[in-house]
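Asker: here are the coordinates; sequence isn't available:
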DNA sequence: ACCGTAGCACTAACGGTTAGCTTTATGTAT
DNA sequence: ATACATAAAGCTAACCGTTAGTGCTACGGT
């Protein structure tokens, strides 16, 4: 997206991308567990330490662009019009994320993640981070303290909706079903 | 509790207990990160492989008796009287678990867990397992398929309540606040 | 042209975890 | 009682993700 950066930054980004691409390719070819960090580094023609200077862990190689999801949640709350109610805005965002992950092209990756306990666990801990950010965004939007239990609860419920819907037979319908529950929970809270 | 077992099982249980006790003592003395698996094994006078035949991971040493919590949740649903409504029963159980973990004696262990990212992550993944079991128990209790989205949602919300309450300023009040929301969510679901 | 430093390489190691195989002790059938 | 089958524990050695330490090189700002 942003080309006009210096040579250094472009090279760094290129190295990062090459590592991520190589990793994903090898993982899909031979299986996540059957590919070692040293394999990825060798195939991408970088040192192991270089790989770890770009990615914090082996699992992070798979979730290269998870920032998009986190930012999406935060923006769904922060960047909405003043008369746009909170919960439906969240519901639309979760809908979009579920749709994105249920796209046919994403099937092999999803399958890989679902069959690796380590990756599943990593994804869950990611979702917790997302919930924290979302809680902060909601609290800021409403002008209540960041530690507000109601905000943190709604944030958790929303990220739960994503995880639960993905495992449901009809993900889109599941999002709607869960958000009917969340809507009720929200109205029952002090803030609704 | 169950003494009259064979010698073999008693010895096995004794070994397991000795490992767990030694581990917890060392962790509290020197800090979780500063104690290696080899240290624990040496101090408990067992081989490293023996330790791993009793505990699946280093983190599992800390959560030795988590089965109690999982069973507590399941029993809170399954073993209640027929006229006892579901959500209040769950609320009472979560209340009890939060109280148990907020007990003064548990403070050092809680503190240790909270300061280790690895332990925090492990605890979260434990809670997910608990939510799965709870969802199954709820589904069985209501006679609906185990994959029911509403059941799985309520189960997640309940385990979320535990995690959120523990981090709140007034845990007991937080449980009540969150359960008012869960009650509303439940009534808005197809099953409520 | 020069210097500070970001990025990367290399080696070596640490720490959790597992595989492979041997030994000891227990329960059971003869 | 004896012998066999097997569960529990042991030992060694390694695998694999991850990090520390160190130095080199090329880019960017002055």
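Answerer: Everything's here; your move. All values reported here derive from a predicted model rather than from experimental measurement.
Asker: per-residue confidence for residue A:5?
Answerer: Listed pLDDT for residue A:5 reads 66.
Asker: cool, and the one 5 residues further on?
Answerer: The per-residue pLDDT reported for residue A:10 equals 93.
Asker: so which strand or helix has it?
Answerer: Using DSSP states H and E, the element containing residue A:10 is helix A:7-30.
Asker: give the buried residues for the following helix or strand past that helix.
Answerer: Note on helix A:7-30: by DSSP H and E, the next helix or strand toward the C-terminus is helix A:37-44. Using 16 or more other Cβ atoms under 10 Å in any protein chain shown as the test for burial, helix A:37-44 gives A:40, A:41, A:44. (Each C-beta comes from the backbone N, C-alpha and C, glycine too.)
Asker: OK, contacts around the second one?
Answerer: Going back to what we said before, that points to residue A:41. A:19, A:47, A:48, A:50, A:51 (Cβ atoms under 8 Å, 6 or more residues apart in numbering or on different chains).
Asker: how about a cut-off of 7 Å?
Answerer: Taking Cβ atoms under 7 Å, 6 or more residues apart in numbering or on different chains as the criterion, residue A:41 is in contact with A:47, A:48, A:51.
Asker: circling back: list the helices and strands the helix holding residue A:10 packs on?
Answerer: Counting contacts by 3 or more Cβ pairs under 7 Å, 6 or more residues apart in numbering or on different chains; DSSP states H and E, helix A:7-30 packs against helix A:37-44, helix A:48-54, helix A:107-114.
Asker: quick check: angle from it to helix A:107-114?
Answerer: 80 degrees (axes from the mean of the first three to the mean of the last three Cα atoms, to 10 degrees).
Asker: so how far is helix A:7-30 from its chain's centroid?
Answerer: 19 Å (Cα atoms, centre = their mean, to the nearest Å).
Asker: what is the orientation angle of that helix with helix A:37-44?
Answerer: Comparing the axes of helix A:7-30 and helix A:37-44 via the same axes, to 10 degrees yields an angle of 120 degrees.
Asker: right, is helix A:7-30 up against DNA strand D?
Answerer: Yes - using Cβ under 7 Å from any atom of the strand, helix A:7-30 reaches DNA strand D at A:7, A:8, A:9, A:11.
Asker: which element is the residue lying closest to residue A:63 once chain neighbours are set aside on?
Answerer: Leaving aside its sequence neighbours, residue A:63 sits nearest to residue A:126 (Cβ to Cβ, 6 or more residues apart in numbering or on different chains; 6.4 Å). For residue A:126, the element it lies in under DSSP H and E is helix A:117-142.
Asker: domains for chain A, by residue range?
Answerer: Following automatic domain parsing, chain A resolves into domains at A:7-58, A:67-188.
Asker: distance to residue B:91 added to these, as CSV?
Answerer: CSV is the format used below for those (distance: least, Cβ to Cβ, whole Å):
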stretch, distance to residue B:91
domain A:7-58, 37
domain A:67-188, 14
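Asker: wait, which of those is closest to residue B:28?
Answerer: domain A:67-188 (25.0 Å; Cβ to Cβ).
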